[in-house]
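Visitor: sequence unavailable; structure follows:
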Ligand code: ATP
Ligand code: MG
(Lines give C-alpha, C1' and ligand atoms only; values in the text may rest on other atoms or scores of the structure.)
(Ligands and ions follow the chains in the order given, each with its own letter.)
Protein backbone atom coordinates (compact mmCIF):
# COMPACT_ATOMS: atom_id res chain seq x y z
CA UNK A 1 0.00 0.00 0.00
CA UNK A 2 1.23 3.48 -0.91
CA UNK A 3 0.79 6.68 1.05
CA UNK A 4 0.42 9.64 -1.27
CA UNK A 5 -0.06 13.32 -0.54
CA UNK A 6 -3.05 14.79 -2.38
CA UNK A 7 -3.25 18.57 -2.80
CA UNK A 8 -6.51 19.77 -4.45
CA UNK A 9 -5.35 23.37 -5.03
CA UNK A 10 -7.33 26.27 -6.49
CA UNK A 11 -9.80 26.91 -9.29
CA UNK A 12 -10.57 23.71 -11.20
CA UNK A 13 -8.08 21.88 -8.94
CA UNK A 14 -10.52 20.28 -6.46
CA UNK A 15 -12.83 19.02 -9.24
CA UNK A 16 -10.12 17.40 -11.33
CA UNK A 17 -8.06 16.05 -8.43
CA UNK A 18 -11.13 14.25 -7.13
CA UNK A 19 -11.70 12.60 -10.51
CA UNK A 20 -8.02 11.65 -10.86
CA UNK A 21 -8.11 10.03 -7.43
CA UNK A 22 -11.17 7.99 -8.40
CA UNK A 23 -9.58 6.90 -11.67
CA UNK A 24 -6.38 5.80 -9.92
CA UNK A 25 -8.37 3.92 -7.28
CA UNK A 26 -10.27 2.14 -10.08
CA UNK A 27 -7.04 0.52 -11.30
CA UNK A 28 -6.90 -1.44 -8.06
CA UNK A 29 -3.61 -0.01 -6.79
CA UNK A 30 -4.17 0.50 -3.09
CA UNK A 31 -3.37 4.03 -2.01
CA UNK A 32 -3.92 5.79 1.28
CA UNK A 33 -4.46 9.39 0.24
CA UNK A 34 -3.28 12.05 2.65
CA UNK A 35 -5.31 15.09 1.65
CA UNK A 36 -3.84 18.46 2.62
CA UNK A 37 -4.47 21.75 0.91
CA UNK A 38 -2.57 24.88 -0.01
CA UNK A 39 -3.40 27.96 -2.03
CA UNK A 40 -5.88 30.80 -2.15
CA UNK A 41 -8.82 29.11 -0.38
CA UNK A 42 -6.56 28.09 2.47
CA UNK A 43 -5.13 31.59 2.58
CA UNK A 44 -8.62 33.07 2.83
CA UNK A 45 -9.47 30.78 5.77
CA UNK A 46 -6.19 30.42 7.62
CA UNK A 47 -4.15 33.43 6.49
CA UNK A 48 -1.36 31.20 5.23
CA UNK A 49 -0.74 29.90 1.68
CA UNK A 50 1.05 26.67 2.63
CA UNK A 51 0.19 25.33 6.10
CA UNK A 52 2.85 23.34 7.95
CA UNK A 53 0.85 20.11 7.53
CA UNK A 54 1.43 20.29 3.77
CA UNK A 55 5.20 20.29 4.27
CA UNK A 56 4.90 17.53 6.89
CA UNK A 57 2.85 15.35 4.56
CA UNK A 58 5.19 15.88 1.59
CA UNK A 59 8.26 15.12 3.69
CA UNK A 60 6.68 11.97 5.07
CA UNK A 61 5.22 10.55 1.84
CA UNK A 62 7.73 11.89 -0.71
CA UNK A 63 5.21 11.45 -3.55
CA UNK A 64 2.31 13.80 -4.27
CA UNK A 65 -0.45 14.44 -6.76
CA UNK A 66 -1.19 18.12 -6.87
CA UNK A 67 -3.77 20.43 -8.39
CA UNK A 68 -2.94 23.89 -9.69
CA UNK A 69 -2.29 26.61 -7.15
CA UNK A 70 -2.84 30.27 -7.90
CA UNK A 71 -0.35 32.85 -6.78
CA UNK A 72 -2.00 36.10 -5.71
CA UNK A 73 -0.83 38.94 -7.94
CA UNK A 74 1.03 41.64 -6.09
CA UNK A 75 4.16 42.07 -4.10
CA UNK A 76 5.06 39.83 -1.21
CA UNK A 77 3.69 36.63 -2.73
CA UNK A 78 6.13 34.13 -4.13
CA UNK A 79 4.67 31.50 -6.44
CA UNK A 80 3.82 28.41 -4.38
CA UNK A 81 4.69 26.13 -7.27
CA UNK A 82 8.11 27.73 -7.62
CA UNK A 83 8.58 27.64 -3.85
CA UNK A 84 7.88 23.89 -3.59
CA UNK A 85 10.10 23.12 -6.58
CA UNK A 86 12.97 25.06 -5.05
CA UNK A 87 12.50 23.93 -1.43
CA UNK A 88 12.57 20.25 -2.37
CA UNK A 89 15.01 20.70 -5.25
CA UNK A 90 12.59 19.17 -7.77
CA UNK A 91 14.93 20.05 -10.59
CA UNK A 92 13.34 18.14 -13.46
CA UNK A 93 9.98 19.16 -14.83
CA UNK A 94 9.08 16.36 -17.21
CA UNK A 95 6.18 16.85 -19.63
CA UNK A 96 5.28 14.20 -22.19
CA UNK A 97 3.32 15.55 -25.16
CA UNK A 98 1.68 12.94 -27.32
CA UNK A 99 -0.93 12.99 -30.07
CA UNK A 100 -4.17 11.32 -29.09
CA UNK A 101 -6.21 9.92 -31.99
CA UNK A 102 -9.63 11.47 -32.41
CA UNK A 103 -8.69 15.05 -31.60
CA UNK A 104 -8.84 17.37 -34.57
CA UNK A 105 -5.47 19.10 -34.72
CA UNK A 106 -3.12 19.66 -37.70
CA UNK A 107 -0.64 16.93 -36.66
CA UNK A 108 -1.28 13.38 -35.53
CA UNK A 109 2.26 12.10 -35.07
CA UNK A 110 3.62 14.05 -32.10
CA UNK A 111 5.45 12.08 -29.44
CA UNK A 112 7.94 14.12 -27.49
CA UNK A 113 8.99 14.76 -23.91
CA UNK A 114 10.01 18.15 -22.56
CA UNK A 115 12.65 18.30 -19.82
CA UNK A 116 12.31 21.76 -18.32
CA UNK A 117 14.87 22.93 -15.74
CA UNK A 118 12.84 23.73 -12.66
CA UNK A 119 14.93 25.62 -10.10
CA UNK A 120 16.83 28.49 -11.69
CA UNK A 121 16.83 30.86 -14.70
CA UNK A 122 14.59 33.96 -14.41
CA UNK A 123 12.48 32.07 -11.86
CA UNK A 124 14.90 32.80 -9.01
CA UNK A 125 12.70 35.84 -8.46
CA UNK A 126 15.36 38.51 -8.20
CA UNK A 127 13.85 41.66 -9.68
CA UNK A 128 14.43 45.27 -8.80
CA UNK A 129 13.53 48.77 -9.83
CA UNK A 130 16.74 50.47 -10.90
CA UNK A 131 15.02 53.84 -10.97
CA UNK A 132 11.45 54.91 -11.71
CA UNK A 133 10.58 53.47 -15.12
CA UNK A 134 13.48 50.99 -15.21
CA UNK A 135 13.17 47.43 -13.89
CA UNK A 136 15.64 44.57 -14.05
CA UNK A 137 15.47 40.81 -13.43
CA UNK A 138 18.31 38.39 -12.80
CA UNK A 139 18.73 35.21 -14.84
CA UNK A 140 20.82 32.55 -13.09
CA UNK A 141 22.15 29.52 -14.92
CA UNK A 142 24.53 27.17 -13.13
CA UNK A 143 26.67 24.32 -14.35
CA UNK A 144 25.18 21.99 -11.74
CA UNK A 145 21.59 22.94 -12.59
CA UNK A 146 22.18 22.66 -16.32
CA UNK A 147 24.06 19.38 -16.20
CA UNK A 148 21.49 17.53 -14.14
CA UNK A 149 18.50 18.43 -16.35
CA UNK A 150 20.41 17.72 -19.58
CA UNK A 151 21.70 14.47 -18.09
CA UNK A 152 18.14 13.48 -17.17
CA UNK A 153 17.03 14.14 -20.76
CA UNK A 154 19.83 12.04 -22.24
CA UNK A 155 19.29 9.23 -19.74
CA UNK A 156 15.60 9.20 -20.64
CA UNK A 157 16.45 9.18 -24.37
CA UNK A 158 18.80 6.26 -23.90
CA UNK A 159 16.43 4.23 -21.73
CA UNK A 160 13.56 4.77 -24.18
CA UNK A 161 15.57 4.18 -27.38
CA UNK A 162 15.17 7.72 -28.64
CA UNK A 163 17.62 8.87 -31.30
CA UNK A 164 17.96 12.58 -30.52
CA UNK A 165 17.79 15.28 -27.85
CA UNK A 166 17.04 18.89 -28.80
CA UNK A 167 18.70 21.43 -26.53
CA UNK A 168 16.85 24.73 -26.75
CA UNK A 169 18.69 27.96 -25.94
CA UNK A 170 19.39 31.56 -26.97
CA UNK A 171 23.17 31.42 -26.57
CA UNK A 172 23.72 33.74 -29.51
CA UNK A 173 22.34 36.61 -27.40
CA UNK A 174 22.81 35.40 -23.81
CA UNK A 175 26.36 34.26 -24.25
CA UNK A 176 27.20 33.59 -20.62
CA UNK A 177 23.95 32.14 -19.25
CA UNK A 178 22.55 30.22 -22.21
CA UNK A 179 26.12 29.79 -23.43
CA UNK A 180 26.86 27.82 -20.27
CA UNK A 181 23.72 25.70 -20.72
CA UNK A 182 24.72 24.89 -24.30
CA UNK A 183 28.31 24.10 -23.31
CA UNK A 184 27.02 21.64 -20.68
CA UNK A 185 24.84 20.00 -23.33
CA UNK A 186 27.75 19.58 -25.73
CA UNK A 187 29.85 18.05 -23.00
CA UNK A 188 27.18 15.62 -21.78
CA UNK A 189 26.28 14.59 -25.34
CA UNK A 190 29.81 13.20 -25.77
CA UNK A 191 28.93 10.36 -23.43
CA UNK A 192 25.99 9.36 -25.65
CA UNK A 193 27.46 8.82 -29.12
CA UNK A 194 24.33 6.98 -30.27
CA UNK A 195 22.10 9.99 -29.52
CA UNK A 196 22.12 13.03 -31.77
CA UNK A 197 22.32 16.45 -30.10
CA UNK A 198 20.08 18.97 -31.89
CA UNK A 199 21.05 22.54 -30.95
CA UNK A 200 18.05 24.77 -31.56
CA UNK A 201 17.67 28.48 -30.83
CA UNK A 202 14.39 29.08 -29.04
CA UNK A 203 12.74 31.32 -31.63
CA UNK A 204 13.57 28.86 -34.40
CA UNK A 205 12.28 26.10 -32.13
CA UNK A 206 8.86 27.77 -32.03
CA UNK A 207 8.69 27.82 -35.81
CA UNK A 208 9.98 24.25 -36.17
CA UNK A 209 7.44 23.02 -33.64
CA UNK A 210 4.45 24.53 -35.40
CA UNK A 211 5.64 23.40 -38.84
CA UNK A 212 7.12 19.96 -38.21
CA UNK A 213 6.79 18.85 -34.58
CA UNK A 214 7.40 15.17 -35.30
CA UNK A 215 11.11 15.83 -35.84
CA UNK A 216 11.54 16.20 -32.05
CA UNK A 217 11.73 13.35 -29.55
CA UNK A 218 13.22 14.83 -26.39
CA UNK A 219 13.59 18.53 -25.60
CA UNK A 220 15.90 19.80 -22.86
CA UNK A 221 15.72 23.46 -21.96
CA UNK A 222 15.93 26.14 -19.31
CA UNK A 223 13.07 27.13 -17.04
CA UNK A 224 11.37 29.99 -18.92
CA UNK A 225 11.71 28.54 -22.43
CA UNK A 226 10.43 25.26 -21.03
CA UNK A 227 7.38 26.98 -19.59
CA UNK A 228 6.52 28.65 -22.88
CA UNK A 229 7.29 25.66 -25.10
CA UNK A 230 5.13 23.44 -22.87
CA UNK A 231 2.04 25.51 -23.57
CA UNK A 232 2.92 25.65 -27.27
CA UNK A 233 3.28 21.86 -27.42
CA UNK A 234 0.05 21.42 -25.44
CA UNK A 235 -1.70 23.47 -28.12
CA UNK A 236 -0.29 21.20 -30.83
CA UNK A 237 -1.99 18.11 -29.40
CA UNK A 238 -5.31 19.71 -28.44
CA UNK A 239 -4.80 22.01 -25.49
CA UNK A 240 -3.78 22.37 -21.88
CA UNK A 241 -6.44 19.94 -20.72
CA UNK A 242 -4.36 17.04 -22.06
CA UNK A 243 -0.76 17.43 -20.94
CA UNK A 244 0.51 15.90 -17.68
CA UNK A 245 3.71 16.59 -15.83
CA UNK A 246 6.09 15.51 -13.10
CA UNK A 247 8.39 17.53 -10.87
CA UNK A 248 11.18 15.18 -9.91
CA UNK A 249 14.07 15.61 -7.50
CA UNK A 250 16.44 13.18 -5.88
CA UNK A 251 14.15 12.45 -2.95
CA UNK A 252 10.65 13.67 -3.85
CA UNK A 253 8.27 13.70 -6.80
CA UNK A 254 5.22 15.91 -7.28
CA UNK A 255 2.90 15.16 -10.17
CA UNK A 256 0.73 17.88 -11.68
CA UNK A 257 -0.82 18.99 -14.97
CA UNK A 258 0.87 21.64 -17.09
CA UNK A 259 -2.20 23.88 -16.90
CA UNK A 260 -3.06 26.36 -14.18
CA UNK A 261 -6.18 26.87 -12.12
CA UNK A 262 -8.32 27.98 -15.11
CA UNK A 263 -10.46 30.40 -13.07
CA UNK A 264 -12.70 31.06 -16.10
CA UNK A 265 -14.18 27.55 -15.92
CA UNK A 266 -13.73 26.76 -12.21
CA UNK A 267 -16.70 25.33 -10.32
CA UNK A 268 -18.60 24.57 -13.54
CA UNK A 269 -17.81 20.86 -13.82
CA UNK A 270 -16.41 21.73 -17.25
CA UNK A 271 -12.66 21.17 -16.93
CA UNK A 272 -11.00 18.42 -18.89
CA UNK A 273 -9.66 15.97 -16.26
CA UNK A 274 -7.27 14.24 -18.68
CA UNK A 275 -4.09 16.18 -17.84
CA UNK A 276 -4.32 15.45 -14.14
CA UNK A 277 -5.46 11.85 -14.71
CA UNK A 278 -2.41 11.29 -16.92
CA UNK A 279 -0.25 12.94 -14.25
CA UNK A 280 -1.64 10.27 -11.93
CA UNK A 281 -0.62 7.61 -14.46
CA UNK A 282 2.91 9.06 -14.50
CA UNK A 283 2.84 8.80 -10.72
CA UNK A 284 1.87 5.11 -10.90
CA UNK A 285 4.78 4.50 -13.30
CA UNK A 286 7.09 6.26 -10.87
CA UNK A 287 5.84 3.93 -8.13
CA UNK A 288 6.58 0.93 -10.33
CA UNK A 289 2.92 0.21 -11.15
CA UNK A 290 3.42 0.23 -14.91
CA UNK A 291 0.51 -2.09 -15.73
CA UNK A 292 -1.96 0.15 -13.92
CA UNK A 293 -0.47 3.24 -15.57
CA UNK A 294 -0.87 1.61 -18.99
CA UNK A 295 -4.46 0.77 -18.15
CA UNK A 296 -5.14 4.46 -17.57
CA UNK A 297 -3.37 5.53 -20.77
CA UNK A 298 -5.38 3.03 -22.77
CA UNK A 299 -8.73 3.93 -21.18
CA UNK A 300 -8.17 7.67 -21.72
CA UNK A 301 -7.14 7.07 -25.32
CA UNK A 302 -10.22 4.97 -26.04
CA UNK A 303 -12.66 7.40 -24.45
CA UNK A 304 -11.21 10.34 -26.38
CA UNK A 305 -11.11 8.40 -29.62
CA UNK A 306 -14.69 7.28 -29.14
CA UNK A 307 -15.64 10.95 -28.65
CA UNK A 308 -18.92 10.46 -26.82
CA UNK A 309 -17.82 11.51 -23.35
CA UNK A 310 -15.36 14.33 -23.90
CA UNK A 311 -15.33 17.82 -22.48
CA UNK A 312 -16.01 21.05 -24.32
CA UNK A 313 -12.35 21.96 -24.93
CA UNK A 314 -12.10 18.75 -27.01
CA UNK A 315 -15.27 19.53 -28.94
CA UNK A 316 -17.65 17.46 -26.83
CA UNK A 317 -20.31 18.32 -24.28
CA UNK A 318 -19.53 16.02 -21.34
CA UNK A 319 -18.92 17.37 -17.88
CA UNK A 320 -15.76 16.65 -15.90
CA UNK A 321 -17.59 13.97 -13.92
CA UNK A 322 -19.13 12.37 -17.02
CA UNK A 323 -15.79 12.11 -18.78
CA UNK A 324 -14.05 10.65 -15.74
CA UNK A 325 -16.90 8.21 -15.11
CA UNK A 326 -16.54 6.98 -18.71
CA UNK A 327 -12.79 6.53 -18.16
CA UNK A 328 -13.42 4.59 -14.94
CA UNK A 329 -15.96 2.32 -16.64
CA UNK A 330 -13.49 1.70 -19.46
CA UNK A 331 -10.77 0.80 -16.93
CA UNK A 332 -13.10 -1.67 -15.24
CA UNK A 333 -13.93 -3.39 -18.54
CA UNK A 334 -10.27 -3.50 -19.64
CA UNK A 335 -9.01 -4.84 -16.33
P1 LIG B 1 -3.06 30.23 -13.53
O2 LIG B 1 -2.80 31.63 -13.13
O3 LIG B 1 -3.44 29.35 -12.37
O4 LIG B 1 -1.95 29.64 -14.38
P5 LIG B 1 -4.45 30.77 -15.97
O6 LIG B 1 -5.45 31.88 -16.04
O7 LIG B 1 -3.11 30.94 -16.57
O8 LIG B 1 -4.34 30.27 -14.45
P9 LIG B 1 -4.59 28.21 -17.14
O10 LIG B 1 -5.08 27.21 -16.21
O11 LIG B 1 -3.13 28.23 -17.43
O12 LIG B 1 -5.15 29.58 -16.64
O13 LIG B 1 -5.45 28.05 -18.45
C14 LIG B 1 -5.35 28.85 -19.61
C15 LIG B 1 -6.59 28.57 -20.47
O16 LIG B 1 -6.70 27.17 -20.77
C17 LIG B 1 -7.88 28.95 -19.75
O18 LIG B 1 -8.71 29.65 -20.63
C19 LIG B 1 -8.51 27.66 -19.34
O20 LIG B 1 -9.90 27.68 -19.38
C21 LIG B 1 -7.94 26.63 -20.32
N22 LIG B 1 -7.71 25.37 -19.58
C23 LIG B 1 -6.70 25.12 -18.71
N24 LIG B 1 -6.82 23.92 -18.17
C25 LIG B 1 -7.93 23.36 -18.68
C26 LIG B 1 -8.60 22.12 -18.51
N27 LIG B 1 -8.14 21.16 -17.67
N28 LIG B 1 -9.75 21.89 -19.19
C29 LIG B 1 -10.23 22.81 -20.04
N30 LIG B 1 -9.66 24.01 -20.25
C31 LIG B 1 -8.51 24.29 -19.59
MG1 MG C 1 -1.28 29.71 -16.68
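Guide: Right, received. Where do you want to start? Values in this document were obtained by computation on a predicted structure and should not be read as measured data. Ligands and ions are numbered 1, 2, ... in the order given.
Visitor: which SSE is immediately downstream of the helix or strand hosting residue 145?
Guide: Counting by DSSP states H and E, the element that carries residue 145 is helix 143-159. Beyond helix 143-159 in the direction of the C-terminus, DSSP H and E gives the next helix or strand as strand 164-169.
Visitor: partner strands of that following strand, parallel or antiparallel?
Guide: According to DSSP bridges, strand 164-169 forms sheet pairs with strand 196-201 (parallel), strand 218-221 (parallel).
Visitor: how far off helix 143-159 does the longest one point, in degrees?
Guide: In terms of direction (axes from the mean of the first three to the mean of the last three C-alpha atoms, to 10 degrees), strand 196-201 departs from helix 143-159 by 130 degrees.
Visitor: residues in contact with strand 196-201: which ones?
Guide: Strand 196-201 is contacted by residues 163-172, 182, 185-186, 189, 208, 216 when judged by C-beta atoms under 8 Å, 6 or more residues apart in numbering. Where C-beta positions appear, they are placed from N, C-alpha and C, glycine not excepted.
Visitor: how about the residues you listed, which pair is most distant?
Guide: Spanning the widest gap among these are 163 and 172, at 25.8 Å by C-beta to C-beta.
Visitor: sorry, back to before: closest to ligand 1 among the contacts of strand 196-201?
Guide: Nearest to ligand 1 among the contacts of strand 196-201, counting by C-beta to the nearest ligand atom, is residue 168 at 20.9 Å.
Visitor: what sits against that closest one?
Guide: 200, 201, 202, 205, 219, 220, 221, 222, 225, 226, 229.
Visitor: still on that earlier bit, please name every helix or strand in contact with the helix holding residue 145.
Guide: Of the remaining helices and strands, those touching helix 143-159 by 3 or more C-beta pairs under 8 Å, 6 or more residues apart in numbering; DSSP states H and E are strand 92-98, strand 111-117, strand 164-169, helix 177-189, strand 218-221.
Visitor: I'd like the mean pLDDT over the helix or strand that the shortest one is followed by, please.
Guide: The reference is to strand 218-221. Next in sequence after strand 218-221, counting helices and strands by DSSP H and E, comes helix 223-237. The predicted model gives helix 223-237 an average pLDDT of 97.
Visitor: same check, this time on stretch 39-47
Guide: The average pLDDT for stretch 39-47 rounds to 90.
Visitor: related to what we said a few turns ago, how about the strands paired with strand 164-169, which one is nearest residue 38?
Guide: Evaluated with C-beta to C-beta, these place strand 218-221 nearest to residue 38, the distance being 27.5 Å.
Visitor: ok, and the closest non-adjacent residue to the residue of the chain found nearest ligand 1?
Guide: The minimum distance from the chain to ligand 1, using C-beta to the nearest ligand atom, falls at residue 260 (2.0 Å). Spatial nearest neighbour of residue 260, chain neighbours left out: residue 68 (4.8 Å); criterion: C-beta to C-beta, 6 or more residues apart in numbering.
Visitor: can you check residue 305 too?
Guide: Using C-beta to C-beta, 6+ apart and skipping residues adjacent in sequence, the residue nearest residue 305 is residue 102, 3.8 Å away.
Visitor: need the contact list for the one you found.
Guide: Contacts here follow C-beta under 8 Å, 6+ apart; on that basis residue 102 touches 304, 305, 306, 307.
Visitor: element containing the second one, please.
Guide: Assigning secondary structure by DSSP H and E places residue 305 in helix 290-306.
Visitor: which residues touch that helix?
Guide: The contact list for helix 290-306 (C-beta under 8 Å, 6+ apart) reads 23-24, 27-29, 100-103, 274, 277-278, 280-282, 284-285, 309-310, 314, 323, 326-328, 330-331, 334-335.
Visitor: what mean pLDDT does that helix get?
Guide: The pLDDT scores in helix 290-306 average 98.
Visitor: ok, it near ligand 1 or not?
Guide: No. Using C-beta under 6 Å from any ligand atom, helix 290-306 stays clear of ligand 1, with a minimum separation of 13.0 Å.
Visitor: which positions within that helix qualify as buried?
Guide: For helix 290-306, the neighbour count (16 or more other C-beta atoms under 10 Å) marks 292, 293, 295, 296, 297, 299, 300, 301, 302, 303, 304 as buried.
Visitor: kindly report the same for stretch 325-335.
Guide: So for stretch 325-335, counting by 16+ other C-beta under 10 Å, buried means 325, 326, 327, 328, 330, 331.
Visitor: quick one: average pLDDT of that stretch?
Guide: Here stretch 325-335 scores 97 as its mean pLDDT.
Visitor: does ligand 1 sit close to that stretch?
Guide: No. Taking C-beta under 6 Å from any ligand atom as the criterion, stretch 325-335 and ligand 1 are apart, separated by no less than 14.0 Å.
Visitor: which parts of the stretch 151-300 of the chain sit against ligand 1?
Guide: Within the stretch 151-300 of the chain, the positions near ligand 1 by C-beta under 6 Å from any ligand atom are 240, 241, 259, 260, 261, 262, 263, 264, 265, 271, 272, 275.
Visitor: I'd guessed the fifth one sits against residue 14; true?
Guide: No. With contacts counted by C-beta atoms under 8 Å, residue 261 stays clear of residue 14, the gap being 10.1 Å.
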